[in-house]
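Trainee: Kindly generate the corresponding structure for this input.
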Amino acid sequence: MALLKTFIITILLIVSSATAKEVNVSILLRSIAEVESMDRPEMIGQAGERSEYQFMAATWKQYSKVPHRTIGQEKNHNEVVRVAKKHIETIKKSITEYGKEVTPFRIALAWNAGPDRLSFQSRHRDYAQRVSNLYETYSVALPPPKTTLPVFTLVCANDHIPTVFTIQEQTVFTVSTHPLSIRFETTNPIFALTSLR
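Mentor: Now for the predicted structure:
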């Protein structure tokens, strides 16, 4: 009987972990930035929080040696994003250690109240709900790309009016009318192929 219970619990754990949806950190950070500062890197909060993610000095110092007073500057943008991702990893680890499922709501709750808090005020829950709602909206509106293929434009080799050409359901209009190096022949005139990315 005990063996059967262990077997059933194991199956339930496997199924629940297989169905748990991985949190998209990029979308979550976009949602947090929107709620924290309306995505304004230069924003300085009432308590001295800085950047689009509104880092307090103590939190910032856990992850970076860059002075807190400079983190809203454009030159430090990559460092701000690196620290934000690292902070989310710390929060995710903390949530997992408490035996909870990692969700955008729980990450946002810990982001706002602190990763080691066990009780939260209603303002923390309101904040987390706003971030979670944006996360869901952005997840639907911005699905991940299926493939990363270059977009090309075709330009007529004899300087005629630029040609419109469709590749993978995207219509691309040319800007330039003079040819570039790679050529191929079709039943139409010779065209030059130019990568836009």
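
Trainee: Can you tell me the closest non-neighbouring residue to Val83?
Mentor: Nearest residue to Val83, sequence neighbours excluded (C-beta to C-beta, 6 or more residues apart in numbering): Tyr63, at 4.4 Å. Yep, even glycine has a C-beta here, placed from its N, CA and C like the rest.

Trainee: Could you check the pLDDT of that neighbour?
Mentor: Tyr63 carries a pLDDT value of 96.

Trainee: okay, now it: neighbour count?
Mentor: 17 (other C-beta atoms under 10 Å).

Trainee: Surely it and Lys86 touch.
Mentor: Yes: Tyr63 is in contact with Lys86 according to C-beta atoms under 8 Å; the separation is 4.9 Å.

Trainee: Contacts made by stretch 100-113 with the rest, please.
Mentor: 20, 23, 28, 31-32, 35, 87-88, 91-92, 94-96, 117, 120-121, 124-125, 127-129, 131-132, 135-136 (C-beta atoms under 8 Å, 6 or more residues apart in numbering).

Trainee: PyMOL command to pick out the buried ones of the residues you listed?
Mentor: A single PyMOL command selects the buried members of the contacts of stretch 100-113 (16 or more other C-beta atoms under 10 Å):
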select buried, resi 23+28+31+32+35+87+88+91+92+94+95+124+127+128+131+132+135
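
Trainee: which ones among the contacts of stretch 100-113 are found in strands?
Mentor: Using DSSP state E, no member of the contacts of stretch 100-113 falls in strands.

Trainee: all helices of the chain, in order?
Mentor: For the chain, applying DSSP state H gives helices covering 2-19, 25-37, 57-63, 77-97, 104-113, 122-141.
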